[in-house]
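Colleague: Everything below, folded, please.
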Amino acid sequence: MSEDITQLSIQQLLGGRDDYVIPMYQRNYAWEEGEITQLIQDVIDYLPKPDKPARNYYIGSLVVYERADGKTPVFETIDGQQRLTTLSLLTSYLKNSKAVGLDWYANLSIHFDSREHSRATFAAIFEGRFKDDPAEVLAEQQINTGILNGYRLIHKVLPHKLKENGVSPQEFADFLFRYVQIMRVKVPADTDLNHYFEIMNNRGEQLEKHEVLKARMMETLQECPHSQNCLHTLWEACANMERYVQMGFTPGQRSSVFGEKDWGRLVPDNFAELTAALQRTHEVGFKAGAELSLTDIISRPPVIAEKTDNGEEAPERFNTVINFPNFLLHVLRVDTQADIPLDDKRLLDLFETHVLKQPDPAAAVKRFTFNLLRCKYLYDQYVIKREFIQGEDGWSLKRFKWNDGGKAGGAGRGSYVNTFGEEEGSEGINRRILMLLSALHVSTPTLVYKHWLNAALHYLFHAEQIEAQAYLQQMESVAKAFVFDRFLAAEAGLEYFAMIYGNQGVCQSRREDVTAATLMPRLRFGNIENNLVFNFLDYLLWLEHGKSEPVKFYEFTFRSSVEHYYPQKPLPGIDPLAEDDLHSFGNLCLISHEKNSRLSNFTPEQKKAFYLKNTLDSVKQHLMMQPETWDVPAIREHHQQMIDVLLNSLASQYETE
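Modeller: Numbering: from 1, shown residues only. Below is the predicted model:
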């Protein structure tokens, strides 16, 4: 099959005479904050620097089919519509912000087949008709909430990322539209699209960077097949982040590596002891003395781990909060104590510098390999996962436990129990740690910013003994450091590496140095730097109100919209608020974008009636619904109460119930 491939700059893509149609068979726009933030950060990362001239950055491909029924080229988008839509939203935002001149972006080039609400929403965005409230210009049934949410997220993320990286809107736009390139792949006119989709869905995957890295690391151990086998076996056991690491080994290997009683402790203390433990099982992956090519190393199958009788180790039971390439970077940072970016695009370069080009690369590989196992073992026990049981899912903090009457290698049953005690009540410390970690996780959907996870691994890795209370206090201190030393700092906030490694996660802000007056400017609408400000507050409020209905069942979810509980643009007949009270922290709460789009114009009374029949989005919002009337006095009282809760968290540790 011959394909027509054209390299286009983003300006050529969106500012030319070509139109791009999103057909009905494509799913709706679905990018959230994580994907949008990653795209923006990727562009910023490739901006020219004094020692690095501008060069093209290739953002991927757009597969299209040219329709024959138009006077101007009309391309049906087959693959890449999420990226195309985001680039169109981003360009519309830059045009509407007036910060850069985009005279060339005079016509909207993205269109939608038989989706009037998508067309109407994008047209309103392109024309700059959305200001504070979409209901001002469109009826609810005319709004595509996914597209509107994408635009709102760009409005939130882009200014923050530009400020964080010291980049002007003009610098960003100049690079985005000139140097960011996309490959448009046009399939032939006689293409059977159904067959093409089948080919695309079944085509082989390119070798991933972490697989190349494994091969490079194994090459450094080519003088010792036993060491290669150890690396290979361990790598395959750790690579599936959704499976507890014990289940990546055979039962015999588990007994040697994790103890014969319950497979619940890591027995070896270093790579040499780990290699010896695996050798004792006689379940080797490579034959001693055999010479292996690079192809052999890459394609070597893993040792197949046996299932327990109840099959509870099945990967589909747990969903991880991190992928394997990013996890490797977390381990590398913990291992080296170096300020290593948590960006898997740089995986090979970073390992080249910090491992493969060390004076003794074999020793560096062995050290990292053992620390990878150790970190995965710690991660599985002490970091939250999403757990699916009998059609329902929720956050879990569990460890693997094997029960076999004292014979771990024989018949038995594996299970997962709460890491810290097995109580199920909401007052337990296991649930408290789970709630704190989930609050941290949902606040940073982008993998490259999972600094809370690095802080947890750093602490767990170096702790002589891991106790629930000490771990909880450490992570509460980390959360407070992120909030007060960075997001709410009166001046430039601290860097993550400095907070985690320099200050060992200890919050530097003191109660006597922080006042309501210093916090107020950073807590107003548009100035709140990160959702953790809301989520940490909700965690504190859950501690205070967690025994009452419905707060005791509250669970942190990914929410991206800051809602004005008293609306910015109330319905006709309702008086608007003065901006000081309207944008006050007392009138704000964090909710899902679907609810914000649907209810943004409603009165507080109408919102209260809706939320009382639906899942709780925010503990703060729940408290906002308690007063009989939501007016200026109620807003000011709630504002002061929330400030007091935040400040009190700096004054003392909360007692564990």
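
Colleague: could you pull out the strands for the chain?
Modeller: Remark: strands assigned in the chain by DSSP state E are 4-9, 19-22, 57-67, 74-79, 110-112, 180-187, 318-319, 385-389, 392-396, 398-403, 413-418, 561-564, 588-591.

Colleague: and the angle from the first one to strand 180-187?
Modeller: Orientation check (axes from the mean of the first three to the mean of the last three C-alpha atoms, to 10 degrees): strand 4-9 against strand 180-187 gives 160 degrees.

Colleague: tell me what strand 4-9 is packed against?
Modeller: In terms of contacts (3 or more C-beta pairs under 8 Å, 6 or more residues apart in numbering; DSSP states H and E), strand 4-9 is packed against strand 180-187. Every C-beta, even on glycine, is put in place using the N, C-alpha and C of the backbone.

Colleague: Please list the outside residues in contact with the strand it packs on.
Modeller: Strand 180-187 has contacts (C-beta atoms under 8 Å, 6 or more residues apart in numbering) with 1, 3-10, 13, 43, 46, 56-66, 75, 78, 80, 83, 193, 196.

Colleague: hmm, 7 Å instead?
Modeller: Applying C-beta atoms under 7 Å, 6 or more residues apart in numbering, the contact partners of strand 180-187 are 3-10, 13, 43, 56-66, 196.

Colleague: And the strands of the chain: which comes nearest Cys230?
Modeller: Cys230 sits nearest to strand 398-403 of all the strands of the chain, at 21.3 Å, using C-beta to C-beta.

Colleague: Now that closest one: buried residues?
Modeller: 398-400, 402 (16 or more other C-beta atoms under 10 Å).

Colleague: Just name the closest of those residues to Gly573, please.
Modeller: Looking across the buried residues of strand 398-403 and measuring by C-beta to C-beta, the closest to Gly573 is Lys398, at 52.9 Å.

Colleague: could you list every residue that touches the closest one?
Modeller: 416-419.

Colleague: repeat that for 8 Å
Modeller: 385, 387, 416-419.

Colleague: just to revisit the earlier point, pick out whichever of the buried residues of strand 398-403 sits closest to Tyr554.
Modeller: Lys398 (19.8 Å).

Colleague: so which two of the contacts of Lys398 are the farthest from each other?
Modeller: Maximum pairwise distance among the contacts of Lys398 (C-beta to C-beta): 13.7 Å, between Lys385 and Val417.

Colleague: More neighbours: the two, which one.
Modeller: Between Lys385 and Val417, Lys385 has the larger neighbour count (other C-beta atoms under 10 Å), namely 21 against 12.

Colleague: Correct me if wrong: that one contacts Ser396.
Modeller: Yes - applying C-beta atoms under 8 Å as the test, Lys385 and Ser396 come out as touching, 5.7 Å apart.

Colleague: Grab the nearest non-local neighbour of the spatially most central residue of the chain.
Modeller: The centre of the chain sits closest to Pro445, judged by C-alpha atoms, centre = their mean, with a distance of 2.7 Å. Spatial nearest neighbour of Pro445, excluding adjacent residues (C-beta to C-beta, 6 or more residues apart in numbering): Gly34 at 3.6 Å.

Colleague: okay, and for this protein, where does confidence drop off?
Modeller: Where the chain drops to pLDDT under 70, the residues are 1-3, 69-71, 131-137, 140-141, 191-207, 282-316, 403-414, 422-427, 594-598, 652-657.

Colleague: now the contacts of strand 180-187: which count as buried?
Modeller: So, by 16+ other C-beta under 10 Å, the buried ones in those are 8-10, 13, 43, 59, 62-65, 196.

Colleague: Which one of those residues is nearest to Arg510?
Modeller: Nearest member of the buried ones among the contacts of strand 180-187 to Arg510, counting by C-beta to C-beta, is Val43, at 38.5 Å.

Colleague: Check whether that closest one really touches Leu176, as I assumed.
Modeller: Yes - Val43 is in contact with Leu176 according to C-beta under 8 Å; the separation is 5.6 Å.

Colleague: Save the strands of the chain as CSV, and put in distance to Trp542 too.
Modeller: Listed next are the strands of the chain as CSV, based on distance: least, C-beta to C-beta, whole Å:
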stretch, distance to Trp542
strand 4-9, 49
strand 19-22, 41
strand 57-67, 41
strand 74-79, 43
strand 110-112, 41
strand 180-187, 42
strand 318-319, 23
strand 385-389, 19
strand 392-396, 13
strand 398-403, 20
strand 413-418, 18
strand 561-564, 19
strand 588-591, 14
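
Colleague: And the ones you listed: which comes nearest Ile528?
Modeller: For these, proximity to Ile528 was assessed by C-beta to C-beta; strand 561-564 is nearest, at 6.8 Å.

Colleague: which secondary structure elements does the closest one contact?
Modeller: When contacts are defined as 3+ C-beta pairs under 8 Å, 6+ apart, strand 561-564 sits against strand 588-591, helix 593-599.

Colleague: please redo it, this time with the cut-off set to 10 Å
Modeller: helix 145-165, strand 588-591, helix 593-599 (3 or more C-beta pairs under 10 Å, 6 or more residues apart in numbering; DSSP states H and E).

Colleague: so where do the helices sit in the stretch 351-500 of the chain?
Modeller: Applying DSSP state H, counting those that start in this stretch to the stretch 351-500 of the chain gives helices spanning 361-382, 429-443, 451-462, 468-480, 496-497.

Colleague: And the first one, what's buried?
Modeller: Judged by neighbour count using 16+ other C-beta under 10 Å, the buried positions of helix 361-382 are 361-362, 364-382.

Colleague: do the same with stretch 518-537
Modeller: Within stretch 518-537, the residues that qualify as buried are 519, 522-525, 528-537, counting by 16+ other C-beta under 10 Å.

Colleague: Phe556: which of those is nearest?
Modeller: Once C-beta to C-beta is applied, the member of the buried residues of stretch 518-537 that ends up nearest Phe556 is Asn535, at 6.3 Å.
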